[in-house]
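K.L.:
Provide a 3D model corresponding to the input given below.
(one chain, ligands or ions: 1)
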Amino acid sequence: MPKQSPVPDKLSKPFWDACNEGKLVMLTCTACNLMQYPPEATCRKCNSAEKLVWKEVSGWGKIHGYCTMYDCRIRLLQAEQPFNLASIALEEDPGVLMYANLPGTPVDEVPVGATVKVEFVTTPGNGQKVPEWRVTEPRWKAAKKAARPAARKR
Ligand SMILES: [Zn+2]
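P.N.:
Predicted coordinates for the structure are as follows:
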């Protein structure tokens, strides 16, 4: 579905630049290990500004919860209604929640708790890429398959 183009500001620019390179990064406090999204100028936990660094994360997560959107205020998205709006908990820090429309998952059939992997979608407004999430098999299964690529299909 078409998405709105975010307009990066000074604080969020490294996040959006990384998206354009196909990477997911989180502003991380090296003093207390907290990841925060959306980024803020200081750490939410210890208030440090100097200890914040951008860290690349794996792009794996789990579906935390969802709702089905029937009456969205964003005009660009109204043509796609109804659609899924899920919250995704990051593997590295389940306290970080990101939103997803879960392409490939039927409306209102969202498997809460399922594994998702990030992908990046180009937005029509300014070409900025944004993170989106897709339901996939659990990470250990994917790793097992990758380790045995010669396994024959039945
Ligand atoms: Zn901190």
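K.L.:
run a quick neighbour tally on residue 143.
P.N.:
For residue 143, the neighbour count with other C-beta atoms under 10 Å is 9. All C-beta atoms are positioned from the backbone trio N, CA, C, and that covers glycine.
K.L.:
state whether it is indeed within a strand.
P.N.:
No - Residue 143: not assigned to a strand; according to DSSP: H, G, I helix; E, B strand; the rest coil it is helix.
K.L.:
how close does it get to the ion?
P.N.:
31 Å (C-beta to the ion, to the nearest Å).
K.L.:
could you report the neighbour count for residue 5?
P.N.:
Using other C-beta under 10 Å, residue 5 is surrounded by 17 other residues.
K.L.:
nearest spatial neighbour of it, chain-adjacent residues omitted?
P.N.:
Closest residue in space to residue 5, ignoring its immediate chain neighbours: residue 125 at 2.9 Å, by C-beta to C-beta, 6 or more residues apart in numbering.
K.L.:
helix or strand for the one you found, which one?
P.N.:
Using DSSP states H and E, residue 125 is not contained in any helix or strand.
K.L.:
any buried residues in the least confident helix or strand in the chain by mean pLDDT, and which?
P.N.:
Of all helical and strand segments in the chain, the minimum by mean pLDDT, DSSP states H and E falls on helix 139-147, at a mean of 83. Counting neighbours by 16 or more other C-beta atoms under 10 Å, one finds that helix 139-147 has no buried residues.
K.L.:
residues in contact with that helix: which ones?
P.N.:
Residues outside helix 139-147 that contact it (C-beta atoms under 8 Å, 6 or more residues apart in numbering): 60, 91, 115, 136, 151.
K.L.:
wait, isn't residue 120 in contact with residue 132?
P.N.:
Yes - using C-beta atoms under 8 Å, residue 120 is in contact with residue 132, at 7.1 Å.
K.L.:
pLDDT weak spots in the chain?
P.N.:
149-154 (pLDDT under 70).
K.L.:
ok so, going back, now the two most distant members of the contacts of helix 139-147.
P.N.:
The largest separation in the contacts of helix 139-147, counting by C-beta to C-beta, is between 91 and 151 at 25.4 Å.
K.L.:
of the two, who's got more company?
P.N.:
residue 91 (17 against 9).
K.L.:
residues in contact with that one?
P.N.:
57, 58, 60, 61, 62, 139.
K.L.:
repeat that for 10 Å
P.N.:
Contacts for residue 91 (C-beta atoms under 10 Å, 6 or more residues apart in numbering) come out as 57, 58, 59, 60, 61, 62, 115, 116, 117, 139.
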